[in-house]
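# Below are the sequence and a predicted model for it; my questions follow.
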Amino acid sequence: MIPAAFDYAAPTTVDEALQALAGAGDREVKVLGGGQSLLPVLRLRMATPELVVDLGRIPELRGVSEDGDALLIGAMTTHSTVNKDPLVRQHAALLSLAAGTVADEQVRHRGTFGGALVHADPAGDLGAPALALDAQMVIAGPGGRRTVAASEFFVDLFTTAVGAGELLVGVRVPKHTGWGARYEKFNRTAQAWSIVGVAATVRAEGGTIAEAKVALTNMGLVPIRASAVERALVGQPATAETIRAAEAHAAEGTSPMADSNADEDYRRHLATVLTGRAVAAAAGV
Ligand SMILES: Cc1cc2nc3c(=O)[nH]c(=O)nc-3n(C[C@H](O)[C@H](O)[C@H](O)COP(=O)(O)OP(=O)(O)OC[C@H]3O[C@@H](n4cnc5c(N)ncnc54)[C@H](O)[C@@H]3O)c2cc1C
(Lines give C-alpha, C1' and ligand atoms only; values in the text may rest on other atoms or scores of the structure.)
Protein backbone atom coordinates (compact mmCIF):
# COMPACT_ATOMS: atom_id res chain seq x y z
CA MET A 1 0.00 0.00 0.00
CA ILE A 2 1.01 3.60 -0.45
CA PRO A 3 1.35 5.70 2.73
CA ALA A 4 -1.05 8.57 3.34
CA ALA A 5 0.37 11.92 2.22
CA PHE A 6 2.63 13.75 4.67
CA ASP A 7 4.88 16.79 4.76
CA TYR A 8 8.56 15.93 4.70
CA ALA A 9 11.47 17.66 6.42
CA ALA A 10 15.10 16.73 5.79
CA PRO A 11 17.19 18.70 8.29
CA THR A 12 20.99 18.62 8.13
CA THR A 13 21.70 19.31 11.82
CA VAL A 14 20.25 18.07 15.11
CA ASP A 15 19.15 21.61 15.97
CA GLU A 16 17.22 21.89 12.69
CA ALA A 17 15.59 18.52 13.37
CA LEU A 18 14.52 19.64 16.84
CA GLN A 19 13.14 22.86 15.36
CA ALA A 20 11.16 20.86 12.82
CA LEU A 21 9.70 18.72 15.62
CA ALA A 22 8.90 21.78 17.73
CA GLY A 23 7.36 23.55 14.73
CA ALA A 24 4.94 20.68 14.13
CA GLY A 25 2.65 22.05 16.83
CA ASP A 26 -0.43 19.85 17.19
CA ARG A 27 0.24 17.93 13.98
CA GLU A 28 1.16 14.25 14.30
CA VAL A 29 4.87 13.90 13.57
CA LYS A 30 7.17 10.90 13.08
CA VAL A 31 10.93 10.75 13.02
CA LEU A 32 12.43 8.66 10.21
CA GLY A 33 15.61 6.70 10.96
CA GLY A 34 16.46 3.84 8.63
CA GLY A 35 12.77 3.31 7.86
CA GLN A 36 12.92 -0.47 8.29
CA SER A 37 10.17 -0.48 10.90
CA LEU A 38 8.48 2.87 10.23
CA LEU A 39 7.92 2.52 6.48
CA PRO A 40 5.90 -0.74 6.77
CA VAL A 41 3.82 0.96 9.47
CA LEU A 42 3.17 3.93 7.16
CA ARG A 43 2.43 1.71 4.18
CA LEU A 44 -0.07 -0.30 6.20
CA ARG A 45 -1.50 3.03 7.37
CA MET A 46 -1.12 1.93 10.97
CA ALA A 47 0.30 5.43 11.41
CA THR A 48 -0.63 8.46 9.34
CA PRO A 49 1.68 11.27 10.46
CA GLU A 50 1.17 14.70 8.95
CA LEU A 51 4.91 15.41 9.09
CA VAL A 52 7.92 13.08 8.74
CA VAL A 53 11.31 14.38 9.91
CA ASP A 54 14.05 12.40 8.15
CA LEU A 55 17.34 12.13 10.11
CA GLY A 56 19.18 10.63 7.12
CA ARG A 57 21.00 13.82 6.11
CA ILE A 58 22.49 14.66 9.52
CA PRO A 59 26.18 13.63 9.39
CA GLU A 60 26.76 14.19 13.14
CA LEU A 61 24.38 11.32 13.92
CA ARG A 62 26.45 8.73 12.08
CA GLY A 63 29.59 6.87 13.08
CA VAL A 64 31.56 5.47 15.99
CA SER A 65 34.15 7.42 17.98
CA GLU A 66 36.11 7.02 21.19
CA ASP A 67 35.18 9.17 24.15
CA GLY A 68 37.61 8.31 26.95
CA ASP A 69 36.55 5.06 28.57
CA ALA A 70 33.52 4.71 26.28
CA LEU A 71 32.51 4.53 22.65
CA LEU A 72 30.04 7.05 21.28
CA ILE A 73 27.82 5.52 18.62
CA GLY A 74 25.64 7.93 16.63
CA ALA A 75 21.95 7.06 16.53
CA MET A 76 21.93 6.85 12.72
CA THR A 77 24.84 4.40 12.58
CA THR A 78 23.63 1.37 10.67
CA HIS A 79 23.55 -2.17 12.05
CA SER A 80 26.10 -3.07 9.39
CA THR A 81 28.57 -0.46 10.67
CA VAL A 82 27.99 -1.43 14.30
CA ASN A 83 28.69 -5.02 13.28
CA LYS A 84 31.86 -4.28 11.31
CA ASP A 85 33.39 -1.22 12.98
CA PRO A 86 36.87 -2.05 14.41
CA LEU A 87 36.32 0.06 17.55
CA VAL A 88 33.05 -1.73 18.34
CA ARG A 89 34.67 -5.10 17.68
CA GLN A 90 37.56 -4.25 20.00
CA HIS A 91 35.73 -2.52 22.87
CA ALA A 92 32.12 -3.72 22.71
CA ALA A 93 32.29 -7.09 20.96
CA LEU A 94 28.88 -8.10 22.30
CA LEU A 95 27.21 -5.28 20.39
CA SER A 96 29.06 -6.09 17.19
CA LEU A 97 28.00 -9.74 17.41
CA ALA A 98 24.36 -8.92 18.13
CA ALA A 99 24.17 -6.37 15.28
CA GLY A 100 25.44 -9.06 12.91
CA THR A 101 22.40 -11.22 13.71
CA VAL A 102 19.79 -8.58 12.81
CA ALA A 103 17.70 -9.57 9.79
CA ASP A 104 19.75 -9.72 6.59
CA GLU A 105 22.37 -7.59 4.79
CA GLN A 106 19.76 -5.33 3.20
CA VAL A 107 18.06 -4.47 6.48
CA ARG A 108 21.41 -4.12 8.26
CA HIS A 109 22.54 -1.59 5.64
CA ARG A 110 19.49 0.66 6.19
CA GLY A 111 18.34 -0.01 9.75
CA THR A 112 19.98 2.08 12.45
CA PHE A 113 21.15 1.42 15.99
CA GLY A 114 19.15 4.37 17.32
CA GLY A 115 16.02 3.48 15.36
CA ALA A 116 16.07 -0.07 16.67
CA LEU A 117 16.49 1.12 20.27
CA VAL A 118 13.69 3.70 20.04
CA HIS A 119 11.41 1.25 18.23
CA ALA A 120 11.86 -1.02 21.30
CA ASP A 121 10.40 -4.19 19.82
CA PRO A 122 10.69 -6.87 22.55
CA ALA A 123 12.13 -9.23 19.91
CA GLY A 124 14.70 -6.63 18.76
CA ASP A 125 18.27 -7.80 19.21
CA LEU A 126 20.05 -4.62 20.27
CA GLY A 127 18.31 -3.71 23.53
CA ALA A 128 19.71 -6.64 25.53
CA PRO A 129 23.36 -6.04 24.57
CA ALA A 130 22.95 -2.31 25.24
CA LEU A 131 21.53 -3.18 28.67
CA ALA A 132 24.24 -5.75 29.41
CA LEU A 133 26.96 -3.24 28.47
CA ASP A 134 25.43 -0.55 30.73
CA ALA A 135 24.98 1.80 27.77
CA GLN A 136 23.86 5.40 28.29
CA MET A 137 21.39 6.86 25.81
CA VAL A 138 21.91 10.50 24.83
CA ILE A 139 18.58 12.21 24.15
CA ALA A 140 18.26 15.72 22.69
CA GLY A 141 15.19 17.90 23.15
CA PRO A 142 14.10 21.52 23.25
CA GLY A 143 15.64 21.89 26.73
CA GLY A 144 19.06 20.49 25.76
CA ARG A 145 20.58 17.03 26.12
CA ARG A 146 20.07 14.43 28.82
CA THR A 147 21.51 10.99 29.39
CA VAL A 148 19.39 7.99 30.35
CA ALA A 149 20.83 4.64 31.46
CA ALA A 150 19.76 1.65 29.37
CA SER A 151 18.15 0.23 32.52
CA GLU A 152 15.77 3.26 32.56
CA PHE A 153 15.44 3.71 28.80
CA PHE A 154 13.08 0.83 27.94
CA VAL A 155 9.78 1.75 29.57
CA ASP A 156 7.22 -0.61 28.05
CA LEU A 157 6.24 -2.39 24.85
CA PHE A 158 7.46 -0.15 21.97
CA THR A 159 7.94 2.66 24.49
CA THR A 160 11.16 4.32 25.62
CA ALA A 161 12.25 7.35 27.59
CA VAL A 162 12.40 9.39 24.36
CA GLY A 163 9.52 11.84 24.63
CA ALA A 164 7.56 13.93 22.11
CA GLY A 165 9.79 16.55 20.52
CA GLU A 166 12.93 14.59 21.45
CA LEU A 167 15.50 12.58 19.48
CA LEU A 168 17.89 9.83 20.43
CA VAL A 169 21.17 11.27 19.16
CA GLY A 170 23.71 8.73 20.34
CA VAL A 171 24.64 5.92 22.67
CA ARG A 172 27.61 5.93 25.04
CA VAL A 173 28.88 2.39 25.48
CA PRO A 174 31.48 1.82 28.23
CA LYS A 175 34.50 -0.01 26.84
CA HIS A 176 34.62 -3.71 27.66
CA THR A 177 38.03 -4.27 26.14
CA GLY A 178 39.25 -7.85 26.42
CA TRP A 179 35.91 -9.22 27.60
CA GLY A 180 34.64 -12.39 25.94
CA ALA A 181 31.23 -12.01 24.33
CA ARG A 182 28.44 -13.97 22.71
CA TYR A 183 24.91 -13.23 21.50
CA GLU A 184 22.85 -16.42 21.22
CA LYS A 185 19.40 -16.32 19.73
CA PHE A 186 16.73 -18.78 18.70
CA ASN A 187 14.66 -17.78 15.72
CA ARG A 188 12.64 -19.22 12.88
CA THR A 189 14.66 -19.85 9.74
CA ALA A 190 12.38 -17.66 7.65
CA GLN A 191 13.01 -14.56 9.75
CA ALA A 192 15.69 -13.43 12.17
CA TRP A 193 13.50 -11.93 14.91
CA SER A 194 14.47 -13.51 18.24
CA ILE A 195 12.01 -15.86 19.87
CA VAL A 196 14.47 -15.56 22.75
CA GLY A 197 17.97 -14.07 22.73
CA VAL A 198 20.74 -13.94 25.32
CA ALA A 199 23.54 -11.35 25.42
CA ALA A 200 26.51 -12.33 27.57
CA THR A 201 29.88 -10.73 28.15
CA VAL A 202 32.43 -12.05 30.62
CA ARG A 203 35.81 -10.97 31.97
CA ALA A 204 37.82 -13.97 33.11
CA GLU A 205 40.98 -13.69 35.18
CA GLY A 206 43.24 -16.70 35.67
CA GLY A 207 40.45 -19.23 35.23
CA THR A 208 37.97 -17.34 37.42
CA ILE A 209 34.97 -15.33 36.23
CA ALA A 210 35.83 -11.86 37.53
CA GLU A 211 32.84 -10.04 35.99
CA ALA A 212 29.79 -11.19 34.04
CA LYS A 213 26.97 -9.26 32.38
CA VAL A 214 23.96 -11.05 30.92
CA ALA A 215 20.70 -9.70 29.46
CA LEU A 216 17.73 -11.32 27.77
CA THR A 217 15.77 -10.52 24.60
CA ASN A 218 12.01 -11.23 24.39
CA MET A 219 11.62 -12.56 27.93
CA GLY A 220 9.31 -9.66 28.81
CA LEU A 221 8.03 -6.42 27.34
CA VAL A 222 11.50 -4.87 27.66
CA PRO A 223 15.06 -6.26 27.71
CA ILE A 224 15.82 -7.84 31.10
CA ARG A 225 19.10 -8.10 33.00
CA ALA A 226 19.70 -11.68 34.22
CA SER A 227 21.06 -10.50 37.56
CA ALA A 228 20.73 -13.88 39.32
CA VAL A 229 22.82 -15.50 36.57
CA GLU A 230 25.47 -12.81 36.96
CA ARG A 231 25.60 -13.30 40.75
CA ALA A 232 25.96 -17.06 40.30
CA LEU A 233 28.92 -16.56 37.94
CA VAL A 234 31.06 -13.87 39.54
CA GLY A 235 33.97 -15.18 41.62
CA GLN A 236 33.43 -18.76 40.45
CA PRO A 237 35.83 -20.90 38.39
CA ALA A 238 35.13 -20.67 34.66
CA THR A 239 33.90 -24.25 34.31
CA ALA A 240 30.98 -26.10 32.77
CA GLU A 241 29.67 -26.85 36.31
CA THR A 242 29.60 -23.15 37.23
CA ILE A 243 27.74 -22.32 34.04
CA ARG A 244 25.21 -25.12 34.52
CA ALA A 245 24.45 -23.86 38.01
CA ALA A 246 24.15 -20.26 36.79
CA GLU A 247 21.97 -20.92 33.73
CA ALA A 248 19.29 -22.41 36.01
CA HIS A 249 18.59 -18.82 37.19
CA ALA A 250 18.07 -17.44 33.66
CA ALA A 251 14.28 -17.17 33.79
CA GLU A 252 14.16 -15.62 37.29
CA GLY A 253 12.35 -12.30 37.29
CA THR A 254 11.21 -12.62 33.67
CA SER A 255 7.65 -12.44 32.32
CA PRO A 256 7.75 -13.99 28.85
CA MET A 257 4.79 -13.68 26.51
CA ALA A 258 3.08 -16.51 24.64
CA ASP A 259 2.66 -16.21 20.88
CA SER A 260 2.48 -18.45 17.83
CA ASN A 261 6.22 -19.15 18.09
CA ALA A 262 6.50 -20.21 21.73
CA ASP A 263 4.55 -20.36 24.97
CA GLU A 264 5.87 -19.01 28.28
CA ASP A 265 7.39 -22.33 29.45
CA TYR A 266 9.20 -22.90 26.18
CA ARG A 267 10.62 -19.38 26.35
CA ARG A 268 11.87 -20.05 29.90
CA HIS A 269 13.50 -23.24 28.64
CA LEU A 270 15.11 -21.37 25.74
CA ALA A 271 16.42 -18.69 28.09
CA THR A 272 18.10 -21.35 30.22
CA VAL A 273 19.70 -23.22 27.33
CA LEU A 274 20.81 -20.09 25.47
CA THR A 275 22.23 -18.54 28.63
CA GLY A 276 24.39 -21.62 29.13
CA ARG A 277 25.61 -21.47 25.55
CA ALA A 278 26.23 -17.72 25.54
CA VAL A 279 28.09 -17.65 28.85
CA ALA A 280 30.19 -20.70 27.95
CA ALA A 281 31.26 -19.08 24.68
CA ALA A 282 31.90 -15.69 26.33
CA ALA A 283 33.96 -17.32 29.09
CA GLY A 284 35.82 -19.57 26.67
CA VAL A 285 34.66 -22.73 28.45
C1 LIG B 1 12.52 -7.83 7.19
C2 LIG B 1 13.00 -7.25 8.50
C3 LIG B 1 13.59 -8.09 9.42
C4 LIG B 1 14.04 -7.58 10.64
N5 LIG B 1 14.65 -8.43 11.52
C6 LIG B 1 15.14 -7.95 12.68
C7 LIG B 1 15.85 -8.78 13.58
O8 LIG B 1 16.09 -9.98 13.36
N9 LIG B 1 16.32 -8.24 14.73
C10 LIG B 1 16.15 -6.92 15.03
O11 LIG B 1 16.61 -6.46 16.08
N12 LIG B 1 15.49 -6.09 14.18
C13 LIG B 1 15.00 -6.56 13.02
N14 LIG B 1 14.36 -5.72 12.15
C15 LIG B 1 14.17 -4.29 12.51
C16 LIG B 1 15.40 -3.47 12.19
O17 LIG B 1 16.36 -3.69 13.21
C18 LIG B 1 15.09 -1.98 12.15
O19 LIG B 1 16.26 -1.39 11.69
C20 LIG B 1 14.72 -1.31 13.46
O21 LIG B 1 13.64 -1.89 14.10
C22 LIG B 1 14.32 0.14 13.28
O23 LIG B 1 15.41 0.89 12.90
P24 LIG B 1 15.26 1.97 11.74
O25 LIG B 1 16.51 2.75 11.75
O26 LIG B 1 14.88 1.33 10.49
O27 LIG B 1 14.10 2.91 12.35
P28 LIG B 1 12.76 3.47 11.69
O29 LIG B 1 11.98 2.37 11.09
O30 LIG B 1 13.08 4.63 10.82
O31 LIG B 1 12.07 4.01 13.01
C32 LIG B 1 11.57 3.13 13.99
C33 LIG B 1 10.93 3.97 15.11
O34 LIG B 1 11.93 4.69 15.82
C35 LIG B 1 11.74 6.11 15.70
N36 LIG B 1 13.09 6.67 15.53
C37 LIG B 1 14.03 6.23 14.65
N38 LIG B 1 15.20 6.86 14.89
C39 LIG B 1 14.99 7.71 15.92
C40 LIG B 1 15.81 8.63 16.63
N41 LIG B 1 17.12 8.76 16.36
N42 LIG B 1 15.26 9.35 17.64
C43 LIG B 1 13.95 9.19 17.96
N44 LIG B 1 13.12 8.35 17.32
C45 LIG B 1 13.64 7.61 16.32
C46 LIG B 1 10.81 6.30 14.49
O47 LIG B 1 10.04 7.46 14.63
C48 LIG B 1 9.96 5.04 14.59
O49 LIG B 1 8.94 5.21 15.54
C50 LIG B 1 13.90 -6.19 10.94
C51 LIG B 1 13.30 -5.34 10.01
C52 LIG B 1 12.86 -5.85 8.79
C53 LIG B 1 12.25 -4.92 7.78
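Thanks, I have the structure now.
# What count of nearby residues applies to the residue in the stretch 151-285 of the chain that the ligand sits nearest to?
Nearest residue of the stretch 151-285 of the chain to the ligand, counting by Cβ to the nearest ligand atom: residue 192, 3.2 Å away. The way it works is simple: take the backbone N, C-alpha and C, and place the C-beta from them, glycine included. The number of residues packed near residue 192 is 16, by other Cβ atoms under 10 Å.
# Also residue 13?
For residue 13, using other Cβ under 10 Å, the count is 13.
# Let me see the contact set for it.
58, 60 (Cβ atoms under 8 Å, 6 or more residues apart in numbering).
# I'd like the distance between it and residue 201.
Going from residue 13 to residue 201 by Cβ to Cβ, to the nearest Å gives 35 Å.
# and the stretch 1-150 of the chain, which of its residues are near the ligand?
When proximity is defined as Cβ under 6 Å from any ligand atom, the stretch 1-150 of the chain approaches the ligand at 30-38, 55, 75, 102-103, 107, 111-112, 114-116, 118-119, 121, 124-126.
# quick check: mean pLDDT across stretch 22-31?
The average pLDDT for stretch 22-31 rounds to 95.
# Need the contact partners of it.
Residues outside stretch 22-31 that contact it (Cβ under 8 Å, 6+ apart): 6, 17, 20-21, 38, 42, 47-53, 55, 118, 142, 165, 167.
# 10 Å instead, please
6-7, 9, 17, 20-21, 38, 41-42, 47-55, 75, 114-115, 118, 141-142, 162, 164-168 (Cβ atoms under 10 Å, 6 or more residues apart in numbering).
# The helix ranked longest in the chain - contacts with which helices or strands?
Of all the elements of type helix in the chain, the one with the most residues (DSSP state H) is helix 264-283. With contacts defined as 3 or more Cβ pairs under 10 Å, 6 or more residues apart in numbering; DSSP states H and E, helix 264-283 has these neighbours: helix 93-99, strand 180-186, strand 196-205, strand 208-217, helix 227-233, helix 240-247.
# mind putting the ones you listed in CSV, mean pLDDT and mean neighbour count included?
Shown next, in CSV, are these (pLDDT from 0 to 100; neighbours: other Cβ atoms under 10 Å):
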stretch, mean pLDDT, mean neighbour count
helix 93-99, 98, 26
strand 180-186, 98, 24
strand 196-205, 98, 26
strand 208-217, 98, 24
helix 227-233, 98, 21
helix 240-247, 98, 18
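# Redo those as JSON lines? Include distance to residue 135.
Shown next, in JSON lines, are those (distance: least, Cβ to Cβ, whole Å):
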{"stretch": "helix 93-99", "distance to residue 135": "8"}
{"stretch": "strand 180-186", "distance to residue 135": "14"}
{"stretch": "strand 196-205", "distance to residue 135": "11"}
{"stretch": "strand 208-217", "distance to residue 135": "11"}
{"stretch": "helix 227-233", "distance to residue 135": "16"}
{"stretch": "helix 240-247", "distance to residue 135": "23"}
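# Quick one: the helices in the protein, in order.
For the chain, applying DSSP H gives helices covering 14-23, 38-43, 79-84, 86-91, 93-99, 105-110, 113-119, 127-132, 150-153, 227-233, 240-247, 264-283.
# Buried deepest among those, which one?
Highest mean neighbour count of the helices of the chain: helix 127-132, a mean of 29 (counted as mean count of other Cβ atoms under 10 Å).
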